[in-house]
Structure formats: C-alpha cells, structure tokens
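> no sequence on hand, only this structure:
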C-alpha cells in the first residue's frame, strides 16, 4: 500500500486485537489486488472499502470480521456454501478461528462479486 491510511481508519486498525489482524490484512490485500484504487473511510463506525458507488463496511468484533451488505445476489455463492455465517440480513461473519476454511480463491471471488466484477 503506497498511500497512508486516513487517520480515523488507522486508529480503528490500531485497536484491532492481534488475533484478528491477519484476517483483516488478508481481506484488505485481496480487495487491493482487485481494486488498487480502493479508498478506505469510516462509515457506521467501521472501516469501509469504497470503489465507485460500491461500499463494503468491514467490522472487527470478538469473533473475527463481519462483512456488511452481502446477499446471495452479490456473494459468488459464499452464503450458499456457508449458510451458518450469514445473519440473513446482509451480514456475513468470518470467524478468525475458521480463517483456514476460506481459500484466497473463494474470498477473491466473493469480494469481486461484491464490487461487481
């Protein structure tokens, strides 16, 4: 990443528990590969990836990460494969303890679908 993060995003990430940081870094790396021009800002008190008109808020909680705004129309089949991780209301939980259950290929396909690729 060449540009520094906005201060409010950096403050949020500085507060992320060490056990969850690798999962955040993985998601951020994949998004930046898909969209090198992605912007990060804080919305709803959490970091949000912004690409054009599309947004992906990502919260870090005690279980791991939550991706907001996903549904079966924009998730490349992720919810069908992992229905237990969906809230049914647009939130998908990625538990840190299950990070190895999700391949980079699956996460890349899911994130590409979220951003309309």
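Sure, I can see it. Only a predicted model underlies this, so the values are computations on that prediction, with no experimental measurement involved.

> so where's this structure shaky on pLDDT?
For the chain, the stretches flagged by pLDDT under 70 are 1-3, 117.

> all strands of it, in order?
Remark: strands assigned in the chain by DSSP state E are 39-43, 46-51, 54-60, 64-68, 91-95.

> export these to TSV and tack on distance to residue 12 and mean neighbour count?
For the C-beta atoms, the positions are set from N, CA and C on the backbone; glycine is no exception. Formatted as TSV, these follow (distance: least, CB to CB, whole Å; neighbours: other CB atoms under 10 Å):
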stretch	distance to residue 12	mean neighbour count
strand 39-43	7	15
strand 46-51	6	19
strand 54-60	8	19
strand 64-68	12	20
strand 91-95	17	19
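
> those into a markdown table, with extra columns for distance to residue 5?
Formatted as a markdown table, the strands of the chain follow (distance: least, CB to CB, whole Å):
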| stretch | distance to residue 5 |
| --- | --- |
| strand 39-43 | 6 |
| strand 46-51 | 9 |
| strand 54-60 | 13 |
| strand 64-68 | 17 |
| strand 91-95 | 21 |
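
> these: which one's closest to residue 80?
strand 91-95 (11.6 Å; CB to CB).

> can you list contacts of that closest one?
23, 27, 63-68, 70, 75, 78-79, 82, 85-87, 102 (CB atoms under 8 Å, 6 or more residues apart in numbering).

> which of those residues count as buried?
Applying 16 or more other CB atoms under 10 Å to the contacts of strand 91-95, the neighbour count classes 23, 27, 64-68, 70, 75, 78-79, 82, 85-86, 102 as buried.

> nice, that's everything, thank you.
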